[in-house]
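Student: make a model of this:
(3 chains)
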Amino acid sequence: MAFDERDLPNPLPRPEGELAELERVWATPKGWRIVTAVNNTVIGIFYIGTAFFLFLVAGLLALLMRTQLAVPENDFIGQPLYNQMFTVHGTTMMFLFAVPAVEALGVMLLPQMLAARDLPFPRLSAFAIWAYVIGGLVFVSTILYDLAPAGGWFMYPPLTLKEFSPGDNADFWLLGIGFIEISAIAGAIEIVVGTLKTRPPGMSLMRMPIFGWAMLIFAAMIMFAFPAVILATMMLEIERSFGWPFFTAAQGGDPLLWQHLFWFFGHPEVYIIFLPAAGLVSMIVPAMAQRPLIGYRFIVVALIATGFFSFGLWVHHMFTTGIPSLSLAFFSAASMAVAVPSGIQVFSWIATMAASRGRFRITTPSLFVLGFLVIFTIGGLTGVMVALVPLDFQVHDTYFVVAHFHYVLVGGMVFPLFATFYYWAPMVSRNMLSERLGRWVFWLMFAGFNVAFLPMHLTGLLGMPRRVWTYPADLGWDPLNLLSTVGTYVLAAGVLLFTIDLVVRFRPGQGQDNPWRAGTLEWLPTDLYSTRSIPLVTSREPLWDQPGLARDVAEGRYFLPGTLTGGRETLVTSPVEARPQYVIRMPGPGWPPFLAAVFMASFFLLLTVKAVVPAVACGVLMIVFCIAWAWSLDPGPGREVDIGGGIRLPTYMSGPRSHSWWAMVVLMFVAASLYLAWVFSYLFLWTVSPEAWSPHGAPALPAWRWPAASVLLLLAGSGLLLGAQRGLPRRGERAAGVPWQMLLALACLAAALGIELAGHWGSGLRPTQNAYAASVYMAVLLFGQLAFALAILGGFVIARHVTGRLDRERRVSFDNLALLFHYTVAQSLLGLALVHGFPRVVA
Amino acid sequence: MKPGDAIQAGDDRGSPAAALAYLVVGPLAWAGHLLLVYAPQAALCAFRLTGTAAVETSIVRAMVIGVTVLAASAMIAAIAAPRALARLLRATAFLEGGNGRFMIAVMRLLAVLSLAGVAWAGSAALVLPPCPVLR
Amino acid sequence: MRPPGLRRAACILAPVLLAAGCAGVQSALEPAGVEAVHIDRLLRLVTLFLALVFAGVLVATAIALAGPHAWREKLASEHLVVHAGMVFPLVALSVLLGYGIWVMGQGGSAQAGVGLRLDEDIAAAFEALPASGLRIAVTGERWWWRVEYVTADGRRFASANELRLPVGEPVPVLLASADVIHSFWVPKLAGKLDMIPGRVNTLTLEATAPGVSRGQCAEYCGGAHALMSFFVVAMPPAEFAAWLEREAAPAAEPATRAATAGRRLFMTHGCAGCHAIRGTVARGTIGPDLTHVGGRLSLGAGVLPNEPQAMARWIRDTAHVKPENLMPPFAIFTDAELRDLATYLEGLE
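Tutor: As a prediction, the model looks like this:
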């Protein structure tokens, strides 16, 4: 569809001062106030910068470890330090580099690709990023003072229980993971809502850039994978600190419970890292080929299929635990199924390269993409090998597997990341990175990587296990290990050269317009406010198919060319077809997210070193700043605005169209996954030690009237809240009953919690008794956790009403309370049925 | 035509949840299949409720085959009758216009891949005994 | 054990050639056990097939980048994605998966299901095995291997850090853990199987030829995980039977004056609190049984060669030989005393 000048939504010339106003509203804070910035391109650089720094640190650890392994019986690094080093290397690379790095790319690139002015929750991003920066840096620093964990990145109990890991070291692991869990969930909310609700008009799902699909699936996977590890880490820390025996076999627990939960997260994790990288490759290849991607829908299929299937192969990591062979076969089958989508993607990229206009351009990004293709294919094929159960019996936990997953992860994520650095640097930097040095960087990294890791396949088959700080001479491993060490140094030289180039040439600022002549929206001319106006999209590669788009967008002739409400804003569209729905008024820079992150970090850190009182003080301050941050949100209905083309949109929305409602729904999915992980744990432990269950191995359950009272109170709470919803006053008025109804609803919830707790306590059950008791109290804890959040949220909403900020229209905060409240009631009803019903049924 | 006409403000023509469910019907059936073959098999083997291996074998086999046939037929039905599925899920609005072919193709391809996963897992039960570790 | 120079060169020059085999006593590529042989065959076949697939991907990429226009045009369509990316993998993976599952079905099935019997100790697990042949239990400890034999006629005795097997006889090995998770792995004989607290797994080992294999803990178990190895010696049945008789018998009386002095030191300086020597008052069960320690191939779970100087070093300097090792170092002994102790212990064959 072509437009002539008359057709565009907004006429020229644009009013005087419109641009200046836009610039003023989106200005980045100066000096040290930069930490209050929330704009995605600014905090995105902090985010990716920290991730890259941690990559260098973890890489340096790898270099030291390879030095130790260069020759047999080496004593360069001693055993205790080596054990800490590989734990920190793995943990940092997986949790503190890979996931944050791809999330950072999402923060940086997604809004640009979707021509949105920012992500929908800028302060949430800022909070997540600062929590990550502080937590990540503190975690890696523990290696410097012998406080680093030494249980491996997978932290299997019982090795990581207090008995076998007495110091605070393991707690620092749990701390580091806590940060990344929080920032990953925050990022997932941001990205789900961002991809589904802030696309430009006309960009239906089938026109979304592949990176958008990849990030949407990435975020959805985080929603379901991370809760499993959140529950597992909660249980491990509780067992370490308070002795609830989830993982102690002698008390009815089972070390395999950790493995199930950890790998239910850990396997999808690999694809959580890989999918965004694959999405980036699917963006770079068409740009270099100057042709649209061949097999767009196949790639979408591959991404979705990978997202699903990756949840069906966690037992893949437990093939040698002695599980029945038929169970292993089920997971072997799923491991095969997940290989097919990778095949689809690889051949889709090859087909697109073959379709190039002229020849496929060999630039530094394309070299990294080709390197990725080669390395990742090898990793995928060895992945088929480890998916074959009998082969895994031999290669599991050997250097073969070390080689395999480095091929998958370095090939599948680090090479695309470097391609991304070279490709997208001109979008955020005044200079491009050096193409000439880039070739050196690539060949050093590519050669070094293969020299380091290809021999490891053989080292593993020759019998060398993983995680050994030394090995005897003469087992046939010596030359291979030396070769691997040499390769690692070459690889490191490549990374060093890149870092130098980065320091010399990378200068944040306005980049060049479309140096690669790509077709997607991130190459529109941008400034701090992103694009001057938000385009109407009619194709997958708008810059190729919609002539003059860049000029028209930059002149402000498309939608929302200035600020209509005097503040930051972006356009919200419908999730499938991208029809404009309303204009979000977005918050600008501010201290609360930064300070909330600082105090959250302090809270966890102080707790780890058992300084309880200052920790609680920091926790309170964190909540205070979160409330301060939230208080300015939910501005209430404003006037309708004209975004151009005769489209008039509201500037406020509540209910199912609102981005806030969507975010709360995502959060509910996270909470539900967490709870289902608990349900699984409860049932799993029962299959392991039914003899620990009430009434044989534990006191009889409280009489029926106890849970019945809880059920009635929960239902009453929900009813009261529904009543409050009905009774919300008209605009400008107050309803005397509403705060009381809310207060009473919260009281019902607290009473239900109290009764549940008192019932079990009164029956004589104590959480340290056995695994059954621990899992019963865990349900109470999960209920209590939500009740605590609801108490704060409820107090907040009541305060909104008292100060006249809550009514029938201005009600987003109330809607969120209601959603979470009803969810909590539903979750607790399920929990009560299981805890009080199941033992009676099986008894 | 003005762009203002090309794009209307407002909601999608149907429920976004229905559109997403329609796309991933195959993988959802795959996930259900994995849950329904793995969980009972693992639990049964943990308890060895039934005593003899022969009884175990027939129970687990019957269960796995039953669930597999069920899941596979659901997927085949979805592949064969994409429009009927859309009616079932109240997602027909999305099959009209330019999105339709895309939606159907993605749904079908995902169902094909899921079908392979289901068939692979299901056929293992025909070869392997249900509970032994075989080491 | 040192591989010949030529092979060593092959390892340096051609690490890609998995089949070249620079194997030693711990190599999965030189199988000498039934499970390892099955897996080795699967490995070679799958490696070859996947190498061909990889070559195909490389060729396709090369054509896509630099091939003649007509060839490139052929590749540049969704047909490539459908056929090479979807149909081919579906077919190939079906075959590979089928083969893999068939190999799984060949596994030792005599002890069907013992693996998931919970909260049973080793004794009960022994009971569950058919009482007809030799049975062995190995318990992973930090950082050594406790070994128990039960003979066909029901005699039961302890050993440590070494296994002996009769060639050609499938021997069920019960695997358990005393503390954290370990994994029992002898690459030449079979794949690994974990030792998990609260569970007893069973691995059937059947050696196909006489010889020595080296095993090592394959699941990271903290501290000295890297230094937790053992040897498995497969012997012809008759030799094995003779060895078993000797091993089941109590320790030999010291033959020399030095050895007698060594025994006195052993019994009076606390060694007997942790170690047992059958036929003496030493009945400790915290550390390895030393009844026939002199007859083993290594000391300290595969860390040192079994010779008197090494024994002396182990006793005095154990914390350096094997860091974080739970045996306290015995610096109290003089050099002469150490010699006597070593003489005594080395004499326990």
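
Student: skipping its backbone neighbours, what lies nearest residue A:96 in space?
Tutor: residue A:136 (4.5 Å; Cβ to Cβ, 6 or more residues apart in numbering or on different chains). Where you see a C-beta, it was placed from the backbone N, CA and C, and this is true even at glycine.

Student: in this structure that neighbour contacts residue A:104, no?
Tutor: No. Using Cβ atoms under 8 Å, residue A:136 is not in contact with residue A:104, being 11.7 Å away.

Student: residues near the residue nearest to residue A:96, how many?
Tutor: Neighbour count of residue A:136, defined by other Cβ atoms under 10 Å in any protein chain shown: 25.

Student: residues contacting it?
Tutor: Shown in contact with residue A:136 (Cβ atoms under 8 Å, 6 or more residues apart in numbering or on different chains): A:50, A:54, A:92, A:96, A:100, A:176, A:179, A:180.

Student: relative to the helix or strand where residue A:569 lies, what are the paired strands and their orientations?
Tutor: Using DSSP states H and E, residue A:569 maps to strand A:568-573. Sheet pairing here is set by DSSP bridges, and for strand A:568-573 it gives strand A:580-586 (antiparallel).

Student: follow-up on the earlier one: what subset of the contacts of residue A:136 is buried?
Tutor: A:50, A:54, A:92, A:96, A:100, A:176, A:179, A:180 (16 or more other Cβ atoms under 10 Å in any protein chain shown).

Student: which one of these is nearest chain C?
Tutor: Nearest to chain C, judged by Cβ to the nearest Cβ, of the buried ones among the contacts of residue A:136 is residue A:92 at 17.2 Å.

Student: what's near enough to touch the closest residue to chain B within the stretch 51-200 of chain A?
Tutor: Using Cβ to the nearest Cβ, the single residue of the stretch 51-200 of chain A nearest to chain B is residue A:196, 7.4 Å away. Residues near residue A:196 by Cβ under 8 Å, 6+ apart: A:216, A:575, A:662, B:16.

Student: residue A:798 now?
Tutor: Residue A:798 neighbours (Cβ under 8 Å, 6+ apart): A:739, A:742, A:743.

Student: shaky segments in chain A?
Tutor: A:1-6 (pLDDT under 70).

Student: and the spatially most central residue of chain B, what element?
Tutor: Centroid check for chain B by Cα atoms, centre = their mean gives residue B:29 as the closest residue, at 1.8 Å. Per DSSP H and E: residue B:29 is located in helix B:25-47.

Student: now that helix: mean pLDDT?
Tutor: What helix B:25-47 shows for mean pLDDT is 91.

Student: try stretch C:132-142
Tutor: 91.

Student: check contacts around residue C:216.
Tutor: Contacts of residue C:216 by Cβ under 8 Å, 6+ apart are A:463, A:465, C:26, C:185, C:228, C:229, C:230, C:302.

Student: show me which of the residues you listed is closest to residue B:133.
Tutor: Closest approach to residue B:133 among the contacts of residue C:216 (Cβ to Cβ): residue C:185, at 16.0 Å.

Student: quick revisit: restrict the contacts of residue C:216 to contacts with chain B.
Tutor: Applying Cβ under 8 Å from any Cβ of the partner chain to those, one finds that nothing falls near chain B.

Student: mark which of the residues you listed are buried, thanks.
Tutor: A:463, A:465, C:26, C:185, C:228, C:229, C:230, C:302.

Student: how near is the residue of chain A found nearest chain B to residue A:568?
Tutor: Closest residue of chain A to chain B, Cβ to the nearest Cβ: residue A:645 (3.0 Å). Per Cβ to Cβ, to the nearest Å, residue A:645 is found 22 Å from residue A:568.
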